[in-house]
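In: sequence and predicted structure below; questions after.
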Amino acid sequence: MLASEFRQRFLLQTAAKAGALAPTDKHQAAVLVPVIDYGNKLQVLFTQRALHLRHHPGQISFPGVRIEPGEQSHTAALREAHEEIGLAPDAVELLGRLPLQSTSTGFTIEPWVGLLAPQRSWILQADEVAGIFEVPLTHFLQQENRHQFSLPLRGKIQQLHAMPYQDKFIWGATAAILHRLCLQLA
């Protein structure tokens with residue numbers, strides 16, 4: 001899939017239409033789903049959280065953060081991508097927002113999809129990010145690479161998404177966001 005087709009195959013809520021999310025509590029977050037345009041292919045960029053972190057150590061995620069009071073969610077997502085991996089906000093063509101994603105830990109995540117050119121280098125914030133890697137978007141578009149399973153969690157059965165790729169196990173909210181992106185592109 002090329003970038004031009006990627007833009008045309010789905011409609012996302014734009015930042016202008018989404019407006020500012022007015023956080024009512026500390027459980028609202030925003031993430032950037034970075035899609036890198038290599039001209040002949042698209043790759044999805046992921047971060048792997050540092051192992052010493054208190055919450056979700058070592059898990060695969062998108063750059064993201066809790067939304068500050070009065071801050072627009074897309075601004076928070078771009079800000080954190082800059083802080084975590086050195087991605088300049090003006091290097092991202094923000095396409096829009098996917099549907100809200102709830103987590104088993106009580107967060108509501110606003111996922112923003114951004115298209116960007118390949119970067120010369122990344123500047124990782126070692127306190128938060130252990131590494132980054134890319135996966136071809138086509139991998140996720142193949143239904144056989146998207147899995148759902150049930151797991152008892154916090155006293156009830158949770159439906160979770162998982163998308164393994166080589167030696168990486170992408171699951172939980174990150175995989176659910178990817179699943180929604182794939183549904184938008186179908």
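Out: That came through fine.
In: show the contacting residues for the residue nearest to Arg49 when sequence neighbours are not counted.
Out: Closest residue to Arg49 apart from its sequence neighbours, by Cβ to Cβ, 6 or more residues apart in numbering: Gln59 at 5.1 Å. Just so you know, the C-beta spots here come from the backbone N, C-alpha and C atoms, and that holds for glycine as well. With contact taken as Cβ atoms under 8 Å, 6 or more residues apart in numbering, Gln59 is in contact with 48-49, 172, 174.
In: and for Phe6?
Out: By Cβ under 8 Å, 6+ apart, the contact set of Phe6 is 35, 37, 42, 115, 137, 185.
In: stretch 167-178 - what's its average pLDDT?
Out: Averaging pLDDT along stretch 167-178 yields 92.
In: which parts of that stretch are buried?
Out: By 16 or more other Cβ atoms under 10 Å, the buried positions in stretch 167-178 come out as 170-178.
In: in stretch 115-122, what's buried?
Out: Residues of stretch 115-122 classed as buried: 115-116 (neighbour count, 16+ other Cβ under 10 Å).
In: now do that stretch: everything it contacts.
Out: For stretch 115-122, the external contacting residues (Cβ under 8 Å, 6+ apart) are 3, 6-7, 34-38, 85-87, 91-93, 95, 132.
In: most surrounded residue in those?
Out: In terms of neighbour count, Pro34 stands highest of the contacts of stretch 115-122 at 26 neighbours, by other Cβ atoms under 10 Å.
In: verify the stated contact: it with Thr47.
Out: No: using Cβ atoms under 8 Å, Pro34 makes no contact with Thr47, being 9.4 Å away.
In: so what sits against both of the two?
Out: Jointly contacting Pro34 and Thr47 under the rule Cβ under 8 Å, 6+ apart are 62-63.
In: please enumerate the strands of the protein.
Out: For the chain, the strands defined by DSSP state E occupy 28-37, 42-49, 60-61, 64-66, 92-97, 101-102, 108-116, 129-136, 147-153, 156-165, 168-171.
In: out of the ones you listed, which gets nearest to Glu80?
Out: Glu80 lies closest, by Cβ to Cβ, to one member of those: strand 64-66, at 3.8 Å.
In: which helices and strands sit right next to that closest one?
Out: Counting contacts by 3 or more Cβ pairs under 8 Å, 6 or more residues apart in numbering; DSSP states H and E, strand 64-66 is packed against strand 28-37, helix 73-85.
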